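K.L.:
dropping a prediction and its sequence here:
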Amino acid sequence: MNMFANIPTVTKNLLIINVLAYLATVVLATIGIDLNGLGGLYFFLASKFHLFQFVTYQFLHGSLTHLFFNMFALWMFGCVIEREWGARKFLFFYITCGIFAGVCQELVQFVDYYLFVAGRVPGASVVDVFKSLSDNAAFLNHSLTIGASGAVYAILLAFGMTFPNERIFIFPLPIPVKAKWFIAFYVVVELFSVMSSYDDGVAHIAHLGGMLSGFLLIRYWREHPDNYFNQNGTRQFFDWWSKDNMRKSTWRNNFTTTSGFSGQTRTDGTSNNDMEYNARKKARQEEIDRILDKIRISGYDSLSKDEKKRLFEASRDR
């Protein structure tokens, strides 16, 4: 119980939701209700397809083994990434990569159907394929995608990119392997599986799609450290979800650039209300806020030498 209590909030709740969803699937099946069939991701031209399935399919699993391995990987790597990034960023990353993985799976399915139709109707256009598939919407219901694998593979990639030289053990190898090689191995395996296996019941494209979206997101965040979560976009959407703003305010207060003069007369005889002094103080605080945001997004190591110096001076003057 103590170990479970130490799991970060988002990772813990994702584990709980996935386990409860699997139990619900088993229980409801006894009374003839197919939860996987309701929430799984169908091909977008199938009669049973709904947009919400891009989210719900991520929490459904076809077997206890399927559930176990996904949840084990989520627990093992998700705890580390959530602590490194924070709850909002981690949840956004997880859900977004899961959705993108589903989109990739849909696109590949469409290409498969297109090749199937084009092979039987020479010269068939994309419009012709759409019409043919739409006319057979009920038949397309046989294709169903479920599982958290796309999002979990994105978390694996995030771990490898965030801690590339961290050593981890891979059974049955007797020696630890650096995370970057561990992730590279998984990418190669999935690429090989896509090329060599067909209809093996595993959504390899969703795995690769999750990793691709994770890679693109992380690259974007690293190149735009001040333009995503700590501005007015995605951050506002998740503000209701946690008390992170309170924690962040406490953190920033520890690095305040004020020196206890508030409302008093400074020793040089000028007033604290002096516009130039207040402007300088505000600029310093905004600079520290920007540096703290950058740490939260990309980690302390992403700071330049000058930024680290400014942060040190601010903490020394508090």
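P.N.:
Perfect, I can see it now.

K.L.:
phi, psi of residue 8?
P.N.:
With angles defined as degrees, to the nearest 10, residue 8 sits at phi -60, psi 160.

K.L.:
so the residue nearest to it when sequence neighbours are not counted versus residue 71, what's the distance?
P.N.:
In space, and not counting its chain neighbours, residue 8 is closest to residue 82: 4.1 Å by CB to CB, 6 or more residues apart in numbering. For glycine as for every other residue, the C-beta is placed from the backbone atoms N, C-alpha and C. As for residue 82, its distance to residue 71 is 15 Å (criterion: CB to CB, to the nearest Å).

K.L.:
helix or strand for the residue nearest in space to the middle of the chain, just tell me which one.
P.N.:
Centroid-nearest residue in the chain: residue 93, 1.9 Å away (criterion: CA atoms, centre = their mean). In the assignment (DSSP states H and E), residue 93 maps to helix 87-120.

K.L.:
give me the buried positions along that helix.
P.N.:
In terms of neighbour count (16 or more other CB atoms under 10 Å), helix 87-120 has its buried residues at 87-94, 96-106, 108-110, 113-114, 117.

K.L.:
that one: what's the following helix or strand?
P.N.:
Following helix 87-120 in sequence, per DSSP H and E, is helix 126-135.

K.L.:
for that following helix, packing partners?
P.N.:
For helix 126-135, the elements it packs on are helix 87-120, judged by 3 or more CB pairs under 8 Å, 6 or more residues apart in numbering; DSSP states H and E.

K.L.:
tell me the pLDDT at residue 121?
P.N.:
The pLDDT attached to residue 121 in the predicted structure is 73.

K.L.:
and the gap between it and residue 138?
P.N.:
Look at residue 121 and residue 138: by CB to CB, they are 20 Å apart.

K.L.:
likewise residue 123?
P.N.:
For residue 123, the distance to residue 138 - CB to CB - is 26 Å.

K.L.:
higher neighbour count, the two?
P.N.:
More neighbours sit around residue 138 than around the other of residue 123 and residue 138, counting by other CB atoms under 10 Å; the figures are 10 against 6.

K.L.:
how about the helix or strand harbouring residue 17: buried residues?
P.N.:
Assessed by DSSP H and E, residue 17 sits inside helix 9-29. Judged by neighbour count (16+ other CB under 10 Å), helix 9-29 contains these buried residues: 10-12, 14-15, 18, 21-22, 25.

K.L.:
next: stretch 138-157.
P.N.:
Neighbour-count burial for stretch 138-157 flags 140, 143-157 (criterion: 16+ other CB under 10 Å).

K.L.:
okay, helices next: where are they in this protein?
P.N.:
Listed in chain order, the helices of the chain (DSSP state H) span residues 2-5, 9-29, 35-39, 53-56, 64-85, 87-120, 126-135, 149-162, 179-196, 204-223, 234-238, 244-253, 275-298, 305-317.

K.L.:
follow-up on the earlier one: more neighbours: which of residue 82 and residue 71?
P.N.:
Remark: of residue 82 and residue 71, residue 82 carries more neighbours, 24 against 21, as counted by other CB under 10 Å.

K.L.:
wait, the more buried one sits on residue 11?
P.N.:
Yes. Residue 82 is within contact range of residue 11, at 5.2 Å (criterion: CB atoms under 8 Å).

K.L.:
hang on, the earlier thing: please list all residues in contact with the residue nearest to residue 8.
P.N.:
8-11, 90 (CB atoms under 8 Å, 6 or more residues apart in numbering).

K.L.:
please apply the same query to residue 59.
P.N.:
17-18, 21, 39, 148.

K.L.:
for it, report the pLDDT, please.
P.N.:
We have a pLDDT of 96 for residue 59.

K.L.:
go on, residue 131?
P.N.:
In the predicted model, residue 131 carries a pLDDT score of 79.

K.L.:
low pLDDT regions in the stretch 101-250 of the chain?
P.N.:
Residues of the stretch 101-250 of the chain that meet the criterion pLDDT under 70 lie in 170-173, 194-201, 226-250.

K.L.:
redo that, cut-off 50
P.N.:
231-238, 240-245, 247-250 (pLDDT under 50).

K.L.:
what comes into contact with stretch 8-16?
P.N.:
For stretch 8-16, contacts defined as CB under 8 Å, 6+ apart pick out 4, 7, 71, 74-75, 78-79, 82-83, 87, 90-91, 94, 148, 242.
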